[in-house]
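J.: okay, sequence plus prediction incoming.
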Amino acid sequence: MGVYNLLTRGRKALMGALLLFIGQASVFAQCDFGFYTTVENSACYASGKITVTLTGGNTSRFTSILYSIDSETGTGYHVSANPSPVFENVPPGTHTVTVQIVCDSVPYSQTSTATVGGNYQAVEATVAEGRRSLSCGGYGQAVVTVTKGLMAYQAVIVNAPQGYTGATTFSNFGSPIYIDSLVAGEYSIVVKDRCGTATSPMSVTIHTIDKVDASMFYIIALPGTNNEEDCSVFYATKPEYAGGSVLSGYTGSLNSYYAVSLDGIPKSDYVPFGEAAAIHLPEGVKKSDTYDKNIYYHIRPICGDEIVITSSTFGVGSTTAYSYNCNTGFDIWNDYPHRYIFCYPMYLTVRDSATGMEYKDTAYTYGPGKKIKNLPFGKYYITTQTGDGYYVTNNQLLNIAAPETDRYYVSHGQLYGQFGNDGACYFFVSPSQGLVKEGTKVEIIGNGVYGSAIYDSKVNSGGIAISADSSGRFLYPGEYVLRVTDECGVYEMTDIVTDDDVYKYTISLKNERTCDGLTVTPSGTCRYQGQNYPVYFQLTKLEPWQQWGNPIPTGQSWKITAGGTYNATVGAVSNLVNNYTYTEGGNVAVLVYNPNPVMVDVNKSGGYVCPRDSINEGKIRVTGKGGLSDNYTFKLAAQGTGATGPYWATNTTGEFNSMDSMDNAGTPYILYGNMNYDVQITDTCGASSVQTIKIIELKTAQIASSDKQSYCIGDPVKFSVINLPSTAKKFTWTGPDYFRSEMESPSFSAGPNSAGTYHVVINSDACQDPIEADIPIAIYPFMSVCYSAVTDTVVNPYLTGMLGNWHTNKSYVYYSRRAESDPLQEVNLRKNGTYAEFSSFWSFLGKKMNVNPDKGKWVWNAASTLFNNRGAEIENKDPLGRYNAGLYGYAGTLPTAVVQNARYRESVFEGFEDYGFFATRCDNACATGRHFDFSGYAAYMTTNQSHTGKYSLLIPKDSVVNMLTAVDAPESDDVEMSITLKDNSCVPSGKGLEGVRTTSNTLLPVFKPVKNTRVLFSAWVKEAVPCKGLSYTGSQIELAVGLENGTAQSVIIYPKGNIIEGWQRFEQVVDVPATAKSFSVILKATGDADIYVDDIRIHPYLANMKSFAYDPVSLRLMAELDENNYATFYEYDDDGTLVRVKKETARGISTIKETRSALLKEN
C-alpha cells in the first residue's frame, strides 16, 4: 500500500472591510483658539516649569478653561485638568499638554507636546588626603572630587579634630574643592550641590609628618641631563619625591628647593622641585671631567634643616649595531642613547683590519647615527670619540662573519594575562646573527581559527614580537607556522604552544553596599605550568577613564563611590595588571554600580486640601525612594530653604498636616492651598535631597478628566484622576453601556453607546470622605457602512493570497497485491515486497502532467477543506463525509479546541483567555471578528476568578450578556469565482477581462449552527456569594432560536451537578429546526451578586470536543477540558517543569500526579 499527497492552493482568508463616516454637525461661528507653551528645564530631579498661554482673538469668549498634563516618556507624571495654566515641579521628559475650553457653549480641546530638558544626577563625590600636615604647622589638605550633581558645589566639615579652628564651609563652582590648612586628625565631610542634594558624610584622615628626611626623596641614578648645544653646562637630574612619599602634594608655594654641586665645582643656585639645576663648568673643565664623580643634592624642605644627599655620576657608552645584506656584506652604525651626557658632535671611525680602509660618521644628536653600508665580512676596529676628546671606544675589535643557513628562529612565551588575553601567548622571531632588517615581514599562519597576520619591521631591530592576528584577537595554544620574508628569501618555522605554556585565570566579585558607597572584594585564581600562583587585582572606571590606585592582592577591597561601569582585572604580576582593552579571557569582570540616590518620589507625593476643608488646612504627603534603606527622615521648610532650614517640622512618616501640627519650636504651622513648600528627605546614611511640593485645593481642581470631550467611534477614551499621595486608595468607575472599572486610569474604545456621564468614587486615607467626580463624554454623530474587501470588490484571490499557498488537498493510498503473495514462497526481505502491478498517479501525455489515477487502486482517505491565515489545517473530512475541526486562538497560533464529527462553523469554544493577544490592527472600525466574538464585553473580562486559565466573564448583578449568531443551511466546500468580460478592441476576441469576483465561502466561516440539527451547550458559572447551598440560584442562561416567522423558541437552563471549588456546570441539548434563522446565548445575573462565566462550549450533539487553556505569557498548557467539559489542570514550577497534574470530577478536584526533581551537588 502506497501513500500519495495531492497538493492544492488551500482556502484561507480573513474578512477585510472599509468604513465610511458621514458626520453631522450644527452650523456656528468657530472660535479662534490656540495656545503655546513656555518651558523652563528641570535643573534638579523635578524642578521644571511649563506655562501655557492662550492665543486667538476670542479669548474673552472662553469659559471653563482647564489645563492638564501627562507624561509621554513613562515617568508617570500627571496633573489632572485644573484652572491653573502653570505646571511646576515637572520632571524631565516629553509631556502632553491639553487645554479644554468652552466657547459660545461649544466645547473645544487641543493638545501639544512640551519637552522639559534635564538629566540631573544626584551629587557624587570622593574625598582623599591631598597633603599631610607637618609638625611645624597645619599644612594638611583634603581634596574633594565631585563627579555628579549641579554646580556650584559646597563641601562642609561636619566633624573635625579638637584642635581644628578653621573654616568649615568651602565652595567652588566646579570640581575639585581643596580644603587647606588642616591639622592632623579625622574629618567628616558632606558635599552639597545647587539642588540641595547632599552626600552621606565621608571620612578622611589627615596624617602628620614628624620629620623630613632623605628617605622621602628619590635621586635617579643618572644625575644629569644632556644639553647638546653647550658643553660647558652640566644640568643635574631633577630630584623627585619618593614613590608614595608623604611629601606628595607639597607643590607651588609649599614646594621644596634644592641646589647641586660636584667635587671641586661650586654649588648651583637653589631652584624649586620640578626645575633643573644648572652647574656652569669652570674654565678648563670639560664635560667628560664630570664622569665618575660625586654629586651632592642640597634640599631645603618647607620644615626642618637642609638635607644633603650624595649620589654619583658614571661613564658613558654607545652601541654598535649591524645588519646583514643577505650573503654579500653588512651595514654598520652607532646608537647614542639619550641618557648619556655626551659632548657633541660624536665621531665614529670604522677601520678594516685587512685593508686599513677607514669609514667615518659624525653625529650631532642622540639616537641612531648614519649607516655605513655594504661593508665586506671580516674584522673591524671601532673608535667612538666625544666632541671634547673623550674616547667612548678606542679600536674595539668587531668580527662579522657570513650569516648561518638558518637565518631566523622562533620562540614563544606567555603574556601573564595582561590586556585581557587570559590563556594567550606570543611569538618572538629573532635573527640568528645581527638585527632584523627594516622591511622584513613575518606572517603567522595559525591554528585554523584565527586569520593570518603580517608584521612589517619598520626599523632595524633585534626581533619581531607577535601577540595578535590580523583581526586584533590574541593567539592561543595550538600549532602555528611563521613565515619570514626579507630581501634575501622566505623562511618558514613551526612552533607548538600547549595549555601549560600560558596563564589561566578566574575572577569573581563580592559586592556590599554601605553608606560610603560599594565595597568590592575581588577573588580569583591563576594557574601556569601546573602550579597555582598568587594574583593581583586592578579596578578601572571606563567612562571617564580612571584607574583605582595600585593593584591589590587577594583579601583587600576597593571602595567605589561614583556610579558607572568598571572593569575588574586579575593578573599574576602586580605591575602588569592593566585596563584590559580586550575581554575574551577569564581575567576580566565587568561591574556596573548604580548609586541609587535618595530622593522624593514625585509620582507618589503631593500636597492637597480635602474638598470639605478650609484653604488653611493643607496636607503634604511625601514618599521617598533610593538610598541604602527605606528608613527616611523628612523635614518641612518654606520654599527655597529646604537645604538649609529653618525647618518647621521633622518626622519619619513624610506626612505634614496644617493646624494640628507643631513645628520644631513648638509653634503651630499652617499649610495653605495653592502654595509651594520644600521637603528635605534624608536616609540613614545622612544623604539628602530637597523637593518642592505644591498644595492643590481638591474642591477647585478637576478630580477626574478625559483626554478629550468628544470622540469618534473607535477613538480611545482615556480617563485619568488627580495624583493623590496615598497608597490606600480604591477607584470605582461607572458609566453608560455597562461601563465599570476599578482601575485608576481606565481606557476603552468609544462605541455608539458610549456617550453620557461617567462617575468615579475615590476612597483613600488621604481624605476622610470619598472624593467624587463626573466626566461628560460626547460621541460625534456618525453613520458607518462596512464593505467587504473580498466579496464587494474586484479581487484576484490567488494574487492576494486569500486562496492560500500550496497545501495538502487529498491524501491517496495505493491498494494492490504484492508480487510475493504466496505464503509458502521463500522471499528475500532485502529485495522482494514490490507491487505485482503499478499504475502511476500522474499521466505525462502531451508534455503535460495530469492527474489520472486508477480509481480502483488509488483511494483517497482524507481531504483538507479549510486552513487558517497561518497555514494551519482547521477542517478536514474522510470519504464517509465525516468532518473534523480545529479551533485556533492566540492570533491563530495555538489550538484552543479540537472537535470530531463536526464542521468548523458548527462548533465554538470560549475561555476568554486571548482577547489581549493580538497584533496591532490598522482597521479597528471594521476589523474582522472572532469565530464567536465577545469583544463587545471586553470590559467584563476579569482575572478575579476563573475556572481554567486566568480569565472569565464577569456579569454584574441585574445585567445581561446577549450573543447572537445566524443559522444557515449546510454549505459546499467548493470556492466559486465569476469572471466578467467587457468589450476590448485591443484583443483579437474583442473581449477583455473586467474583473474577478468570489463568493462569501472564500472566507473563513464564523460560528453558525446548521438548520435541522441538534446542538449541545455547556458552560461553567460561579456566583460572587458564599458557597453555602447545593446549587446556585442567582444565575441563568437562556438559549433562544429565532424562527423565520418572527417568533422564537427558548430554553432556560440552570446549573446541574455539584459545586466544585465554587464553580457549577450548565449543560443543555437544544434543537435547531429547519425554519431557524438565528441562535442566541443569553447570560443573566438574576440574583443579588455578580456572576462569573467560563469555558463556554457549543457543538453538534453527536460530536466530541476537547478544549485547552494556556498561560498568556509562557503559552504553556494550563488546562485541558475533556468531552464532558471537566478539566485537567497542569501546574509548573519557576523553571517551567511540570510538577503537578490535577483532575476535576463530579466529586471535586484531586491531584493525580506530582513530581519533584533536583540535582545533587558533589561534595
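T.: In hand now; what should we look at?

J.: for the stretch 401-550 of the chain, what spans make up the strands?
T.: Per DSSP state E, counting those that start in this stretch, the stretch 401-550 of the chain carries strands over the ranges 408-414, 425-431, 441-446, 453-456, 464-466, 478-486, 489-497, 504-514, 517-528, 531-532, 536-541, 546-547.

J.: and Ile65, what does it touch?
T.: The neighbours of Ile65, taking CB atoms under 8 Å, 6 or more residues apart in numbering as the test, are 54, 83, 85, 99-101. Bear in mind the C-beta positions are built from the backbone N, C-alpha and C, glycine included.

J.: and which of the residues you listed is nearest Asn861?
T.: Using CB to CB, Gln100 is the member of the contacts of Ile65 that lies nearest Asn861, at 68.2 Å.

J.: partners of the closest one in the sheet?
T.: Leu66, Ser109 (DSSP bridges).

J.: neighbours of it, how many?
T.: 21 (other CB atoms under 10 Å).

J.: wait, it touches Gln709, no?
T.: Yes. Under the criterion of CB atoms under 8 Å, Gln100 makes contact with Gln709 at 6.2 Å.

J.: identify the contacts common to these two.
T.: Joint contacts of Gln100 and Gln709 (CB under 8 Å, 6+ apart) are 107, 109.

J.: what number of residues lie near Gly549?
T.: By other CB under 10 Å, the residues close to Gly549 number 8.

J.: mind checking pLDDT for it?
T.: Looking at Gly549, its pLDDT reads 72.

J.: just Gly243 next, same as before
T.: 66.

J.: next up, the contacts around Thr349.
T.: Listed by CB under 8 Å, 6+ apart, the contact set of Thr349 reads 358-360, 382-385.

J.: give me the nearest residue to it, chain neighbours excluded.
T.: Thr383 (4.3 Å; CB to CB, 6 or more residues apart in numbering).

J.: ok, that neighbour touching Arg351?
T.: Yes. Between Thr383 and Arg351 there is a contact under CB under 8 Å: 7.5 Å.

J.: how many neighbours does the nearest residue to Leu254 once chain neighbours are set aside have?
T.: Distance criterion CB to CB, 6+ apart; nearest residue to Leu254, sequence neighbours excluded, is Ile302 at 5.5 Å. By other CB under 10 Å, 17 other residues sit near Ile302.

J.: if I look at Ile302, how far off is Asn255?
T.: Relative to Asn255, Ile302 is positioned 8 Å away (CB to CB, to the nearest Å).

J.: before we move on, what about Ser84?
T.: Where Asn255 is concerned, Ser84 sits at a distance of 61 Å (CB to CB).

J.: overlap of the contact sets of Thr383 and Arg351?
T.: Here Thr383 and Arg351 share the contacting residues Asn395, scored by CB under 8 Å, 6+ apart.

J.: so who does Tyr566 touch?
T.: So Tyr566 contacts 539-542, 560, 590-593 (CB under 8 Å, 6+ apart).

J.: what does Phe273 give?
T.: Phe273 sits next to 238-241, 251, 255-258 when contact means CB under 8 Å, 6+ apart.

J.: hang on, the earlier thing: separate out the buried members of the contacts of Tyr566.
T.: The neighbour count (16 or more other CB atoms under 10 Å) marks 539-541, 560, 591, 593 as buried among the contacts of Tyr566.

J.: number of residues surrounding the closest residue to Gln538 other than its chain neighbours?
T.: Once flanking residues are discounted, Gln538 sits nearest to Val577: 3.9 Å by CB to CB, 6+ apart. If you count neighbours by other CB under 10 Å, Val577 ends up with 25.

J.: ok, Val577 to Lys559 distance?
T.: As judged by CB to CB, Val577 and Lys559 stand 18 Å apart.

J.: can I get the contacts of Phe273 in CSV with distance to Gly1148?
T.: CSV is the format used below for these (distance: CB to CB, whole Å):
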residue, distance to Gly1148
Lys238, 93
Pro239, 93
Glu240, 88
Tyr241, 86
Thr251, 86
Asn255, 91
Ser256, 92
Tyr257, 97
Tyr258, 97
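
J.: among those residues, name the ones in strands.
T.: 240-241, 257-258 (DSSP state E).

J.: pull up the gap between the closest residue to Gly571 other than its chain neighbours and Asn550, please.
T.: With CB to CB, 6+ apart as the criterion, Gly571 has its nearest non-adjacent residue at 4.0 Å, and that residue is Val577. Going from Val577 to Asn550 by CB to CB gives 9 Å.

J.: what do you get for Asn828?
T.: Distance from Asn828 to Asn550, by CB to CB: 84 Å.

J.: looking at those two, which is more packed in?
T.: Regarding Asn828 and Asn550, a neighbour count based on other CB under 10 Å identifies Asn550 as having more, with 12 against 8.

J.: which residues touch the residue nearest to the more buried one when sequence neighbours are not counted?
T.: Residue nearest to Asn550 in three dimensions, not counting chain neighbours: Ser574, with 7.6 Å by CB to CB, 6+ apart. Contact analysis of Ser574 by CB under 8 Å, 6+ apart lists 536, 550-551, 553.

J.: how about Thr94, what does it touch?
T.: If you count contacts by CB under 8 Å, 6+ apart, then Thr94 has 71-73, 113-116 around it.

J.: change it to 6 Å
T.: Applying CB atoms under 6 Å, 6 or more residues apart in numbering, we find Thr94 in contact with 72-73, 113, 115.
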